[in-house]
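K.L.:
need coordinates for the below:
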Amino acid sequence: MPQATATLTAPPAPAAAPHPKGAGSEFAPLLRTVKAQGLLDHRPGWYARSIVANLLGIAAVVTGLVLVGPSWWALPLAVPLALFSARVAFVGHDAGHAQITRNRGISRLIQLVHANLLLGMSREWWNDKHNRHHANPNHLDKDPDVAADVLVFAAHQTADRTGLRRWLTRHQAWLFFPLTTLEGIALKVYGVQALLSRTGPYRTPRERLVEGALLLTHLAGYAALLLTLLTPLQALVFALLHQMLLGVHLGMAFAPNHKGMERPDAHPDGDSWGHLRRQVLTSRNIRGGAVTDWFLGGLNYQIEHHLFPSLPRPHLRLAQPAVRAHCEALGLPYTETGFVESYRQALGHLHEVGAPLRVQGIA
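P.N.:
Numbering: from 1, shown residues only. As a prediction, this is how the structure comes out:
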């Protein structure tokens, strides 16, 4: 596959103007602007309507399964179920960021229902991992999302790759979307591993017990639903198709956000970047309209989301003009690309990282 390098190479990220010492906070004026526009106010009504619509969509899919009965014609229903399941994940994500309400108890309840009960993913495991990502996005030593695992994100991470992992790294750009078919299952497995680990993120035994009970309820309910309505083989195939499509959908939402963008650890002053610089330089937005917003759960406004994690999803688009103007005034690159171009850049970066191993393979 080396011949495709030219089509997958990511363009270099534009350099940012240095922040002059003693110039004060770059973020504070923008924060005041966004606050003054009322964009940090919560939108519980909007979320309530979205949650109800999504639950009705899931109910419609279940109704369809009941009407179709034990038939292979039930398999196409895995497609809308994957779409609605992704929306469940987006609501759980937003609840974890306190976007829905300022009431921590209600936010926790919403997230437990959507993450643990409906999705089978540990809420506390996700929050711990995701909060560390937000604190230091794209930092190889601090962001768990770019730690060397199945994929690697920097050339020096390839040094000790051997066997299957080495082969995966050589072709990781081409394998990215096939690998995302496992993401829906992986999210469940990682959560269960954290639940069973003594060093997991759970703060109290009660918290561990509640999350574990909800995960078991999800598994039992999911299996009972499919096995009641379908034959065992049909149920297995439906579940695999549903989880694989969900994984691809979530991968499409998360893939373009940071891959190929600036890495603070690659800059001598990266660890001293302020909040604005740390979040803007490491993030990429995706242009689009209402369909893109719906399909990607608002994560296409990655810059605004990282700057204001508690900003309600319907306000991300409204905050964009102020954020863009502020970045332009500071000479700070504001990266926004089209839907296809965003994946080209992200996959181009993965392809470039694996290049040394492909060269060694040829030699």
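K.L.:
now do the contacts for V210.
P.N.:
L112 (Cβ atoms under 8 Å, 6 or more residues apart in numbering). C-betas here are computed from N, CA, C, even on glycine.
K.L.:
the helices in the stretch 101-250 of the chain, which residues?
P.N.:
104-111, 123-135, 163-170, 172-180, 183-196, 205-229, 232-254 (DSSP state H, counting those that start in this stretch).
K.L.:
my bad, should have said the stretch 251-363 of the chain
P.N.:
275-280, 290-295, 302-307, 313-330, 339-353, 355-362.
K.L.:
of those, which stretch is the most buried?
P.N.:
Of all the helices of the stretch 251-363 of the chain, helix 302-307 has the most neighbours on average by mean count of other Cβ atoms under 10 Å, namely a mean of 25.
K.L.:
how about low-confidence regions in the chain?
P.N.:
Across the chain, residues meeting the criterion (pLDDT under 70) sit at 1-24, 361-363.
K.L.:
center of it - which residue?
P.N.:
Residue closest to the average C-alpha location in the chain (Cα atoms, centre = their mean): F254, at 3.8 Å.
K.L.:
my guess is it contacts L299. True?
P.N.:
Yes - under the criterion of Cβ atoms under 8 Å, F254 is in contact with L299, at a separation of 7.0 Å.
K.L.:
list the contacts of stretch 132-141.
P.N.:
Contacts for stretch 132-141 (Cβ under 8 Å, 6+ apart): 142-147, 153-154, 157, 258, 261-265, 270, 278-279, 282-283, 306, 309.
K.L.:
buried stuff in it?
P.N.:
Neighbour-count burial for stretch 132-141 flags H133, N136, P137, N138, H139, L140 (criterion: 16 or more other Cβ atoms under 10 Å).
K.L.:
and the two most separated of the residues you listed?
P.N.:
H133 and L140 (12.2 Å; Cβ to Cβ).
K.L.:
flag every buried residue along stretch 112-132.
P.N.:
For stretch 112-132, the neighbour count (16+ other Cβ under 10 Å) marks 112-130 as buried.
K.L.:
first-to-last residue distance for it?
P.N.:
Start and end residues of stretch 112-132 are separated by 20 Å (Cα to Cα, to the nearest Å).
K.L.:
same check on stretch 285-295?
P.N.:
One end of stretch 285-295 sits 14 Å from the other (Cα to Cα).
K.L.:
going forward, begin numbering at 67 instead of 1
P.N.:
OK, 67 is where the count begins now, so the last one is stretch 351-361.
K.L.:
what residues does it touch?
P.N.:
Residues from elsewhere that reach stretch 351-361 (Cβ under 8 Å, 6+ apart): 318-319, 322, 362, 366-370, 383, 386, 400-405, 408.
K.L.:
please, where are all the strands along the stretch 67-216 of the chain?
P.N.:
Using DSSP state E, counting those that start in this stretch, the stretch 67-216 of the chain contains no strands.
K.L.:
measure stretch 321-333 end to end?
P.N.:
Separation of the first and last residues of stretch 321-333 by Cα to Cα is 23 Å.
K.L.:
run through who's touching that stretch.
P.N.:
If you take Cβ under 8 Å, 6+ apart as the criterion, stretch 321-333 is touched by 76, 79, 82, 202-208, 211-212, 219-220, 242, 246, 336-337, 339, 344, 347-350, 352, 365, 368, 401, 403, 408-409, 411-416.
K.L.:
next, G186: phi, psi?
P.N.:
phi 80, psi 30 (degrees, to the nearest 10).
K.L.:
what's near enough to touch it?
P.N.:
L253, K254, G257, L281, H284, L285, Y288.
K.L.:
7 Å - rerun?
P.N.:
By Cβ atoms under 7 Å, 6 or more residues apart in numbering, the residues touching G186 are K254, L281, H284, L285.
K.L.:
swap in Q368?
P.N.:
N323, S349, R350, N351.
K.L.:
distance check, P203 against L147.
P.N.:
As judged by Cβ to Cβ, to the nearest Å, P203 and L147 stand 31 Å apart.
K.L.:
how about W240?
P.N.:
Separation of W240 from L147 (Cβ to Cβ): 28 Å.
K.L.:
does V218 touch T224 like I think?
P.N.:
Yes - taking Cβ atoms under 7 Å as the definition, V218 is a contact partner of T224 at 5.7 Å.
K.L.:
who has more neighbours out of those two?
P.N.:
Using other Cβ atoms under 10 Å as the criterion, V218 and T224 rank with V218 on top: 23 against 20.
K.L.:
ok, the more buried one to T235 distance?
P.N.:
Taking Cβ to Cβ, one finds V218 at 6 Å from T235.
K.L.:
then N169?
P.N.:
In this view, N169 and T235 are 45 Å apart by Cβ to Cβ.
K.L.:
same question, P146
P.N.:
Distance, P146 to T235, by Cβ to Cβ: 35 Å.
K.L.:
cool, and G162?
P.N.:
Using Cβ to Cβ, one obtains 31 Å as the distance from G162 to T235.
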